[in-house]
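**Q** Starting from these lines, generate the structure:
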Amino acid sequence: QVQLVESGGGLVQPGGSLRLSCAASGFTLGYYAIAWFRQAPGKEREGVSCISPSDGSTYYTDSVKGRFTISRDLAKNTAYLQMNSLNPEDTAVYYCAADAGGCLPNAREYDYWGQGTQVTVSS
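**A** Next comes the predicted model:
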């Protein structure tokens, strides 16, 4: 059974950090592009970051460049999103997604999704 399970969300003050995890089961994470998306209330789902299966190339949306880092541990079949210097605009439900075809900007292209984890940045 294919499954993605996110964890690590929570409430953090502006300027703080969180690390999200995305544990994969039922497939080998290293053969898939793993992306993080986020969706704030009343807004479209937005691609945040992606790591390519072939060479581990990473991609970030402009608003998180220099603050967020995507990574993966193939031995643990888990991907991560390290988020630093968080601000209230980062508040959203964060989802990880997997695609066999590579990093794609369109959320509809992704094969598998996790259930999401809430990140709230507030003082």
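**Q** Does anything pack onto the host helix or strand of residue 49? Which helices or strands?
**A** Secondary structure assignment for residue 49, by DSSP states H and E: strand 46-51. Counting contacts by 3 or more C-beta pairs under 8 Å, 6 or more residues apart in numbering; DSSP states H and E, strand 46-51 is packed against strand 33-39, strand 58-60, strand 68-73, strand 78-83. All C-beta atoms are positioned from the backbone trio N, CA, C, and that covers glycine.
**Q** In this structure, which residue is most central in space?
**A** residue 36 (2.4 Å; C-alpha atoms, centre = their mean).
**Q** bridging residues for that one?
**A** residue 49, residue 96 (DSSP bridges).
**Q** Take the helices and strands packed on strand 46-51 and write them to JSON lines, including mean pLDDT and distance to residue 2.
**A** Output for the helices and strands packed on strand 46-51, formatted as JSON lines (pLDDT from 0 to 100; distance: least, C-beta to C-beta, whole Å):
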{"stretch": "strand 33-39", "mean pLDDT": "98", "distance to residue 2": "13"}
{"stretch": "strand 58-60", "mean pLDDT": "97", "distance to residue 2": "23"}
{"stretch": "strand 68-73", "mean pLDDT": "97", "distance to residue 2": "17"}
{"stretch": "strand 78-83", "mean pLDDT": "98", "distance to residue 2": "15"}
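**Q** Packed most tightly, which of those strands would that be?
**A** strand 33-39 (a mean of 24; mean count of other C-beta atoms under 10 Å).
**Q** Cool, thanks, talk later.
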